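**Student:** no FASTA, just this:
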C-alpha cells in the first residue's frame, strides 16, 4: 500500500517536473532546425521561477474568478496528467478516472480558461475564448470517438487496460487503429495550440488563440497557466505513447527493478515525440483560423471512420 | 500467416478508403491528382499483396499495370493537362467539404451494413474486401457528383474504377484478360476525356461542366 | 397512511391553495402564503416519495377515488417509477417555492400567477400518480392548461400572446396523439386501467403505432425536434420560477409519460424502435444546443438548452429500448439509469439556471445578453450559483451533468453486443453526436456565463444591479449544492434508481454502495470506473497546494493596472466581445448550412465617415419548411371551407344526409 502510494506520488512529481523540460526541448530542437541557437533546454524552469517571484499585475475590472482560475486550471490538468500511465500502468489511483473522465477533466480546465479570458472585458480575451471553444467543440467529439475505437477494441475505457491490450500480440495491424492514431495526433495538435492550428510563440494579436486568452495574466498566475499548458502537452504525448507505443511500461507485478527501465523508456518516447513535433512544426505553415474547422472536421471524420471500420475487422 | 495476411490486406484496403476521403477533402486540383496517384500506388500494393497471399502470379501483372498506368502515366498526363489549361490552383465544389465528408461517412456505413448483411457465410477476407471496394466505388461516385470541374470528375471516375479492381482481386480467380481489358478501356476513356476536355475548353473557355448545362439551357 | 393517499392529500392541499389564491390573490403578502405552502407540501411529497423509493422494495401503493367517469373512478398508484418522478417534481417544486418567496414580491400581476402555480404543481404530481388512462389524460390536460395560464401571466408583453397561442396549439396536438395512443392500447372494448392495458393482447401493428403516437404526444411536450417550436417561445414567457418548473420539471413529466407507456405498458419493443428514438434524440440534442448557441436572450438560450437535454435523455432511452429488444438486460438497465439520472440532473441545474436568469432579470430588467455584463461584481452569490449550474450543464467533472453523460457513454460502449448490424453502426455515430452536443454545450455556457456575468457592464442597468433577496439566493445555493452532491456521490443516486429499473426491465445496475471510496462501476471494475469524490478531492488538494506554493515560495504581491489595449485608449465596454461575436466562429462552422446564416458587411468607402453596417440573417429551417407550409395549408383549406358557412338549409340537410348514408355504407361493407 505504502509502496503503491509512493509510486503514484513519483508519477505525479515526474509529470510535473518533466513537463517544462519537454516544452524547452521542443523549442530547442525547433530553433536548431532553423539554425538558430535557441534558448537553453532548462529555460522554461527559469521562466516559471521568475514568474512566481514577480508581483502579479491584475487588470482593473478583473473579478475573483480571474485570480482563482489559474489554480483550478493547473489542478485539473495536473490530476488528468497524473492519471495517464507514463512508465507503469495500473497505479494506485488509476481507476479513479477512465479515459472519458480524463478528456472531461481537460474540458473543465478549458472551460475555466475560456471564462478567465472573458473576465477583464477586452476584445483580445473574447477573440481567444471564442476561438478556443470553437476548436474545442470539434476536437472533443473527435477525441471521444477515438476513445470509442480504443474502448470497443480493448473492451475497457481504463487506460491501463487499454495499454495492456495494445501491448498484447492479439492487436495486430488494424486500419482503425491507424486512423485513430492520425486523428489523435491531429486533435492533440489542435488541443495544445501547436502549428498549424495555433502558434505558441506568436504575439500578433489577430492570429492568437491561446495567447490571446491569457494576455492579461502575469506573475504567479501566468506561471500556473504556462505550467498547465506544458502539462497538457506532456499528457498528450504520454497518451499517444501509452496507447500506441505501449512497449516498455513496467509490468504491474514486476517489482521496483522494472521502474527505472520504464522511466528510461518513457524519457526516450518523450524525446522522440519532441523531435517529431519540432520537425512537423518547422515543416508546415500556420493555417487560417477558418481552415481549422476543416482540419478538425477531417480528424472527426477519421475517428468516426475508424470506429465504423472496426466492424469489418476480425474479432468484432 | 493467416492473421498477418489478413491484417495487411485489411490495412491496405482500409487505406484505400481513407485516401478516397482525402481526395474528397482536397480542394486544389493538383493536390487531387497527387492523392489520386497515391490511391493508385496503394491499390497496386494491395493487388500485389493479394497476388502473394492467393499465390496467383497473374495478379502481379495487374498490380504492375495499375502502378505504371494509374500511378505514373495518368497523373503525369493529368498534371500536364492541368498546367496547360492553367487551372492547377482551382477546384470548385458544388457542396461544401463538411457535408460531402458526412455524406461519404454515410455511404461507407451503408456499404458496411450491406456487405456484412448479404455475405454472412463468405470468407472473412473477401467479405471485408468487398465492403471496402463498395465504399471506394461509392466515394468515387460521390466525388463525381460533388465536383463541377471536369478534371476532378475524371479523377472521381478513375478512383471508382480502382474500387472495381479492388473488388475483382479480392474475389479469387478473376482472369487476367478481364483486367487488361478494363485497364485499357480506362486508358481509352482517359484519352477520349482528355481530348474532350480541350474541346470544351476551346469552345467555352472553361472546364466547368456547369457551362455545358448553361449551353443546353438547363441551368440559370 | 399509505404513500399514495398521503401524496393525494398533499395535492389536495395544493389545489385548495390554488382556490384560496383565486380569492385572495391580490392581498398583500399572499405570495408568501402560496409559495410557503408550495415549499412545505412539495418538500413533503419529495420526502415521502424518496422514502418509498428507498424502503418499499417495489411494492406499489394504490388508492381509488370516486372521481371522473362514474363507472370507472380514478386510480392512483405509487410505484418505483412514479416515486422517482415524484421526487423530481417535488424537489423542483420545493425549490421554485423557496425562490418564489423572494421573487414573487417583484410580481406585477400576482393574481395571474398565484392561483395557477400550486395548480400547476398539483397537475404534474397527479399525472405521475395516475394509474388509468382517463385520469392520466385529464391530469395531463390540467397540467397543460395551468402552465398555459402561467405563460400568459404577462400577456401584454410583446410576443407572449403568440407564445401562448403556439403553446396551446401544440399542447392540443400532443394530447390528441396521447388520446389516440391510449385508445389503441386499451383496444375496442378495453379497460382503461393501466393494469388491464399491461395484460392486454394486441395485434402486431399496435405497438408500432403507439410508439409513434407517444413520440408525437410526449415528444411534443418534452420538446423533441421537430415538435420543439413552442418550447423556446413559451418557457421564457412565464415568470422565471415558472420557467424553471416548465423546463426543469414539466419536460420530465412528459418523459415520464413516454417511459410509462413504452417501457411499462407496451411490453418488449421491436429492435428498430430503438433506432428511431436514438436518431430523434441525437438530432434534438445537436440542433437544440446549436440554437442555444445562436440565441442572445438568456432565458430563450436556457429553453433551447432544455431541448438539448431532452435529446440526451431520449438517446439514453433509445439505447435502453435497443438493448431491451436484444435481451441485454444489464445494458438496458445501465442506459435507463443514465436516462433517469440525467432527468434528475437536468431538473436540478436547469431550475438553478432559470432562477439565476430570473435574478438577473429582476436586478437589471434585461434578458438580452448584449445589455448585461460584469454582474459578477454586483451579484457575487448569484454568479457563483450560476457558474455551478453552467459547469454542471456543460457535463464537466466533478459536477453531476458529467456523471449521467459518462453513464450514457458507457452504455454506448455496450453496443457491439447487439445482433443487428444497423444498430451496431448507428450507435457509435450517435455517440459522436452526443459528444458533439456536450462540447457545444460547454461552448454555449462559456458564452452564457462569460457575456452575462464577466467583462464590463454593457448597460447602465447592469452597472447598477443589486444582489437579489435571501430567499432566491437560498434556492439557488441549495440547488448548486445538490448539483455538487449528485456529482460527487453518484453511487447513492444509482442505487436509489435500482428499484425503478428492476420494476421496468427486471434488471438493475450492480450495487454501488459497498465499493471502495464511493466510486462507480457500471459493469465491471476492469471495464470502467469513475470516482468523482477522489477526483474532486484531488483537484481541491492540488489547487490548494499550488496556491500555498505560489504564495509561500513566490510572491504574494498584487497590483492593479489598466488592461492592455494594444496601446490604444480604452474605447469602453462596446469594444468587448458580444454574444453575437462570440458565437460567430461556431456560426460559420455550423450555421451556414443548418440555419442558412448569411452575414453581410457594408463597408463605407475609404475616407467616408458613414458607419460600417453588419447584418445577420438566420432562419429556423424547421419552422420555415415544416410549420409554415402546414399553417398556410390550413389557412388555404379554411378559406375553402369558409363557404360552408353560407349554405341554404336544404344544402345543410343534404350534407347531413350524405354523411349519414356514407357512414351506414361503411358499416355495411365493414368486414
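**Tutor:** Alright, I've got the coordinates. Bear in mind the structure is a predicted one, so any value in this text is a computation, not a measurement.

**Student:** from residue A:247, how far off is the closest residue to residue A:307 other than its chain neighbours?
**Tutor:** Spatially, and ignoring its direct neighbours in sequence, residue A:307 is nearest to residue C:428 (4.5 Å; CB to CB, 6 or more residues apart in numbering or on different chains). From N, CA and C alone the C-beta is placed, and that goes for glycine too. According to CB to CB, to the nearest Å, residue C:428 and residue A:247 sit 28 Å apart.

**Student:** the two: which is more packed in?
**Tutor:** Taking other CB atoms under 10 Å in any protein chain shown, residue C:428 and residue A:247 do not tie; residue C:428 has more neighbours (25 against 10).

**Student:** hmm, the more buried one is touching residue C:411, no?
**Tutor:** No: using CB atoms under 8 Å, residue C:428 is not in contact with residue C:411; the gap is 12.0 Å.

**Student:** need the residues touching each of the two.
**Tutor:** Common neighbours of residue C:428 and residue C:411, using CB atoms under 8 Å, 6 or more residues apart in numbering or on different chains, do not exist here.

**Student:** spell out which residues of the stretch 51-200 of chain A are next to chain B.
**Tutor:** Applying CB under 8 Å from any CB of the partner chain, one finds that the stretch 51-200 of chain A approaches chain B through A:172, A:173, A:174, A:175, A:176, A:178, A:179.

**Student:** tell me which of these is nearest to chain B?
**Tutor:** residue A:175 (2.7 Å; CB to the nearest CB).

**Student:** nearest residue to that closest one other than its sequence neighbours?
**Tutor:** Of all residues not flanking residue A:175 in the chain, residue B:14 sits nearest, at 2.7 Å (CB to CB, 6+ apart).

**Student:** host element of the residue most central in space within chain B?
**Tutor:** With distances taken as CA atoms, centre = their mean, the residue of chain B nearest its centroid is residue B:159 (0.7 Å). If you go by DSSP states H and E, residue B:159 is part of helix B:150-170.

**Student:** quick one: list the elements packing against that helix.
**Tutor:** helix B:2-25, helix B:29-54, helix B:58-65, helix B:74-85, helix B:124-146, helix B:176-204 (3 or more CB pairs under 8 Å, 6 or more residues apart in numbering or on different chains; DSSP states H and E).

**Student:** my guess is residue C:366 contacts residue C:461, does it?
**Tutor:** Yes: using CB under 8 Å, residue C:366 is in contact with residue C:461, at 6.0 Å.

**Student:** pull the most distant pair out of the residues of the stretch 51-200 of chain A next to chain B.
**Tutor:** Of all pairs drawn from those, the widest gap by CB to CB lies between A:172 and A:179 and measures 14.9 Å.

**Student:** surely residue A:177 is in a strand?
**Tutor:** No: under DSSP: H, G, I helix; E, B strand; the rest coil, residue A:177 sits outside any strand and is assigned helix.

**Student:** who touches it in this structure?
**Tutor:** Taking CB under 8 Å, 6+ apart as the criterion, residue A:177 is in contact with A:149, A:153, A:171, A:244, A:306.

**Student:** helix or strand: which one has the first one?
**Tutor:** Put plainly, it is residue A:149. Element membership for residue A:149 (DSSP H and E) is helix A:123-154.

**Student:** tell me the contacts of residue C:222?
**Tutor:** Contacts of residue C:222 (CB under 8 Å, 6+ apart): C:251, C:254, C:255, C:258, C:310, C:313, C:314.

**Student:** elements contacting the host helix or strand of the fifth one?
**Tutor:** Counting by DSSP H and E, the element that carries residue C:310 is helix C:298-325. With contacts defined as 3+ CB pairs under 8 Å, 6+ apart, the packing partners of helix C:298-325 are helix C:205-222, helix C:231-237, helix C:240-245, helix C:251-259, helix C:271-294, helix C:329-364, helix C:400-412, helix C:421-453.

**Student:** close to chain C: what parts of chain B are there?
**Tutor:** B:96, B:98, B:99, B:105, B:109, B:112, B:113, B:116, B:117.

**Student:** buried ones from the residues you listed, can you make that a PyMOL selection?
**Tutor:** Remark: buried members of the residues of chain B next to chain C, expressed as a PyMOL selection using 16 or more other CB atoms under 10 Å in any protein chain shown:
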select buried, chain B and resi 98+105+109+112+113+116
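
**Student:** of the residues of chain B next to chain C, which belong to helices?
**Tutor:** In helices, defined here by DSSP state H, the members of the residues of chain B next to chain C are B:98, B:99, B:105, B:109, B:112, B:113, B:116, B:117.

**Student:** nearest to residue C:377, of those?
**Tutor:** Closest approach to residue C:377 among those (CB to CB): residue B:98, at 40.9 Å.

**Student:** hmm, residue A:296 and that closest one touching each other?
**Tutor:** No: if you go by CB under 8 Å, residue B:98 and residue A:296 don't touch, sitting 10.6 Å apart.

**Student:** out of everything not next to it in sequence, what's closest to the residue in the stretch 201-316 of chain A that chain B sits nearest to?
**Tutor:** Nearest residue of the stretch 201-316 of chain A to chain B (CB to the nearest CB) works out as residue A:312 at 4.1 Å. Closest residue to residue A:312 apart from its sequence neighbours, by CB to CB, 6+ apart: residue B:128 at 4.1 Å.

**Student:** quick one: residues contacting the one you found.
**Tutor:** Neighbours of residue B:128 in contact, by CB under 8 Å, 6+ apart: A:312, A:313, B:10, B:13, B:115.

**Student:** hmm, try it at 10 Å
**Tutor:** Counting by CB atoms under 10 Å, 6 or more residues apart in numbering or on different chains, residue B:128 touches A:175, A:309, A:311-314, B:6, B:9-10, B:13-14, B:112, B:115-116, B:119, B:122, B:170.

**Student:** in PyMOL, select just the buried ones from the residues you listed.
**Tutor:** The buried residues among the contacts of residue B:128 can be selected in PyMOL (16+ other CB under 10 Å) with this line:
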select buried, (chain A and resi 175+309+311+312+313) or (chain B and resi 6+9+10+13+14+112+115+116+170)
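
**Student:** let me see the confidence value for the closest residue to residue C:193 other than its chain neighbours.
**Tutor:** Ranked by CB to CB, 6+ apart and with sequence neighbours excluded, the top spatial neighbour of residue C:193 is residue C:132, at 4.5 Å. We have a pLDDT of 88 for residue C:132.
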